[in-house]
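Student: Could you look at this predicted model? Sequence included:
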Amino acid sequence: TQFTWSQAEQDPGRMNQWEFPEMLAPGTSVRIPVEFSSSSSFFCCCSTQQASVKYIVDPLSKASFSIHAEFTNVTVTLRSFSNLSDYSVDLGWHEDGIVPFTIASSGPDLEHFLASGAPAPDWMEDYLQYIGHKQLKDICLPGSHDSGMSSAHHGTIFGSAANCKTQILDIKGQLEHGIRYFDIRPIIDRGELHTGHYSNTGAPGIGWQGAKGQSIVEIIQQINIFTASYPHETIFLRISHAYNANSGYSDFSEDDWSSLLIKLDQINALHVESAAGKVRLAEKQVNELAGVSIIVPDGTPLAERSHQGYYHERDFNLVHDYANTNDLDRMKTDQLQKMDSHAKAGDLFAALWILTQSAGNAILQNPSVLKLASHANQFLHDLTSEISAEKPLQAVILDDASSNLTASLLPYNLATDQSLAVLGDGGVYEV
């Protein structure tokens, strides 16, 4: 918020870690380590494993929020916020994970507040009055990497879940967790269209390795189920790395693209642009973009499909630039530097907060892709706290993407609204 919140009281109980700052400055985002004591017995943990902290905005105001931890659960209680009834938000508990919470204010006084833990499945419609009039480039989309790889099956000799599975949630689950930018990598194998995670090792006798994920048919069905319930969300499918395993993992031919597009035509809520001529999706207002926009590589033949739910990369020219390392510090440095340089160049940039397996990791299947993702995602705050009007991001893309990402981006997505004051994210971070 634009207010300074002062700590009124704090009781760490017998927690190993429970140390909140004395003050939360306007427009800031903080990460707090929280750790329950491991020494308490099972029978007394509920009475001893408790802690709390309370913040007030002004000694003369009754507005306050309190964070309370009790074994395996964290709760935030808000009291005397003018437009909100007193209520509690149950944030749950994710061991070795992140529990985000956001409080936002929409004016210079204490009249209008927003508060959120995990956003609703239709978070874009929920906040449309705040983000709807913004250009797409002025919000940051939560995205997933290799989005269809919530399963890994029919793999090559070295292709397994450990080196091919990138997501816990399937497409429907990701949509319900607020993910709006999807990295779809189709493969044709034995005449069927699936998503896949494949790469050419370049090693003699080994060649291409990988595995298949969700089928394109299943993804379409899941998108249609979601958009039938939530028709006002803005969703992007970016199609890339399209290979035909039946012809030596060659790039898609025109016939292959035709087969894929015929399938994708079955998506019910395609976003259609009525205006003729060039389309710059990033410059469109969010409230003009409801539906599913499918982004394909430049040069892909679209014919009458062009701008009828289908767009070339030049229509939403989002730069993707991996760090290509399994080292967290190198990845962080790489993505933060690229964020800065692309902002200065005026590029649209998607941060890829992803750790990539080395060849040895992939062969030994340790650590797995998801294990690396768990490590990287614990430090997501190091990225999201840097996003600003001066250093914007148009998307953040993760392995193991979930509502934690969506919630972590809410402060920026709301704060860029000129009618909203700057706001902060009181993220509770568990280690």
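Tutor: That came in fine, so what should we check first?
Student: what ranges do the strands span in the stretch 201-350 of the chain?
Tutor: 208-215, 234-239, 243-244, 250-251, 291-296, 310-312, 318-320, 348-352 (DSSP state E, counting those that start in this stretch).
Student: Each with direction, which strands does the second one pair with?
Tutor: Sheet pairing here is set by DSSP bridges, and for strand 234-239 it gives strand 181-184 (parallel), strand 291-296 (parallel).
Student: before we move on, back to that, a markdown table for the strands of the stretch 201-350 of the chain, including distance to residue 140?
Tutor: Placement of C-beta: from N, CA and C, glycine included. A markdown table is the format used below for the strands of the stretch 201-350 of the chain (distance: least, Cβ to Cβ, whole Å):
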| stretch | distance to residue 140 |
| --- | --- |
| strand 208-215 | 25 |
| strand 234-239 | 13 |
| strand 243-244 | 30 |
| strand 250-251 | 31 |
| strand 291-296 | 17 |
| strand 310-312 | 19 |
| strand 318-320 | 11 |
| strand 348-352 | 9 |
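Student: Could you save those strands as a markdown table and add columns showing mean pLDDT?
Tutor: Listed next are the strands of the stretch 201-350 of the chain as a markdown table, based on pLDDT from 0 to 100:
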| stretch | mean pLDDT |
| --- | --- |
| strand 208-215 | 97 |
| strand 234-239 | 98 |
| strand 243-244 | 98 |
| strand 250-251 | 97 |
| strand 291-296 | 98 |
| strand 310-312 | 97 |
| strand 318-320 | 96 |
| strand 348-352 | 98 |
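Student: out of those strands, which comes closest to residue 161?
Tutor: strand 208-215 (7.5 Å; Cβ to Cβ).
Student: now could you export just the CA positions of that closest one as PDB?
Tutor: C-alpha atoms of strand 208-215 as PDB (Å, rounded to 0.1, in the frame of the first residue of the first chain):
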ATOM      1  CA  TRP A 208      17.100 -37.300 -30.200                       C
ATOM      2  CA  GLN A 209      15.900 -38.000 -26.700                       C
ATOM      3  CA  GLY A 210      12.700 -37.100 -24.800                       C
ATOM      4  CA  ALA A 211       9.200 -38.100 -24.000                       C
ATOM      5  CA  LYS A 212       5.600 -37.200 -24.800                       C
ATOM      6  CA  GLY A 213       3.200 -35.300 -22.500                       C
ATOM      7  CA  GLN A 214      -0.500 -34.400 -22.700                       C
ATOM      8  CA  SER A 215      -2.100 -34.900 -26.100                       C
END
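Student: thinking again about what came up before, let's have the strands of the stretch 201-350 of the chain in a markdown table, adding mean neighbour count.
Tutor: Below are the strands of the stretch 201-350 of the chain laid out as a markdown table (neighbours: other Cβ atoms under 10 Å):
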| stretch | mean neighbour count |
| --- | --- |
| strand 208-215 | 22 |
| strand 234-239 | 23 |
| strand 243-244 | 20 |
| strand 250-251 | 12 |
| strand 291-296 | 23 |
| strand 310-312 | 21 |
| strand 318-320 | 17 |
| strand 348-352 | 23 |
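Student: Residue 151: which of the ones you listed is closest?
Tutor: It is, among the strands of the stretch 201-350 of the chain and with distance given as Cβ to Cβ, strand 208-215, at 5.5 Å.
Student: before we move on, back to that, got JSON lines for the strands paired with strand 234-239, with distance to residue 30 too?
Tutor: What follows is the strands paired with strand 234-239, written out as JSON lines (distance: least, Cβ to Cβ, whole Å):
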{"stretch": "strand 181-184", "distance to residue 30": "27"}
{"stretch": "strand 291-296", "distance to residue 30": "35"}
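Student: For residue 93, which of those is the nearest?
Tutor: strand 181-184 (28.0 Å).
Student: can you pull the buried residues of the helix or strand just after the closest one?
Tutor: On the C-terminal side of strand 181-184, the closest following helix or strand by DSSP states H and E is strand 186-189. By neighbour count with 16 or more other Cβ atoms under 10 Å, strand 186-189 contains the buried residues 186-189.
Student: Looking at those, spot the one nearest residue 311.
Tutor: residue 186 (16.7 Å).
Student: And the pLDDT at the closest one?
Tutor: Per-residue pLDDT puts residue 186 at 98.
Student: From residue 354, how far off is it?
Tutor: Relative to residue 354, residue 186 is positioned 20 Å away (Cβ to Cβ, to the nearest Å).
Student: circling back to that earlier point, so which of the strands of the stretch 201-350 of the chain is nearest residue 365?
Tutor: The nearest among those, by Cβ to Cβ, is strand 208-215 at 11.9 Å.
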